[in-house]
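*Asks:* this one's structure only:
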């Protein structure tokens, strides 16, 4: 083929390190905007970002020239560096080293967007760990629970 065409929607999530401070409510919308801009800057068609003070959800397309691990690493490193610059309280901020990333069919794009937008509603009923386990089970991913949630 003469050209490369891709559109791979990926729903990514990552959590604040347990020894790190959580993201303050007054900073979270700016953090989401920073992550969205970062995703666009590396060639992603950004779709949605949301989450809570302890974790982030992102729906975006994976850039055709970037591996998933590089995409996540860029977003995590950039956002943690940005947080450290905006307030001294974040001087030791860190994301956990792992992440979850799940493919999303174009037919489920809108449903995923709404899921990400309404994180507060979801987390009034279940914890991040419960949510994450549902994704792992739903995608048939085997995991060791003793290591799935530690830093």
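*Replies:* That came through fine. No experiment lies behind these values; they were computed from the predicted model shown.
*Asks:* could I get the buried residue list for stretch 23-31?
*Replies:* For stretch 23-31, burial by neighbour count (16 or more other CB atoms under 10 Å) applies to 23, 27-28, 31. Glycine gets a C-beta too; all of them are placed from N, C-alpha and C.
*Asks:* the longest helix along the chain - contacts with which helices or strands?
*Replies:* Secondary structure of the chain per DSSP state H: the longest helix is helix 68-86. If contacts are counted by 3 or more CB pairs under 8 Å, 6 or more residues apart in numbering; DSSP states H and E, helix 68-86 sits against strand 9-15, helix 25-41.
*Asks:* dump the ones you listed to TSV, plus mean pLDDT and distance to residue 92.
*Replies:* Output for the helices and strands packed on helix 68-86, formatted as TSV (pLDDT from 0 to 100; distance: least, CB to CB, whole Å):
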stretch	mean pLDDT	distance to residue 92
strand 9-15	96	16
helix 25-41	95	15
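*Asks:* checking my notes, residue 102 in a helix, right?
*Replies:* No. Using DSSP: H, G, I helix; E, B strand; the rest coil, the assignment for residue 102 is strand, not a helix.
*Asks:* contact partners for the residue nearest to it when sequence neighbours are not counted?
*Replies:* Nearest residue to residue 102, sequence neighbours excluded (CB to CB, 6 or more residues apart in numbering): residue 11, at 4.7 Å. Counting by CB atoms under 8 Å, 6 or more residues apart in numbering, residue 11 makes contact with 57-59, 101-104, 112, 116.
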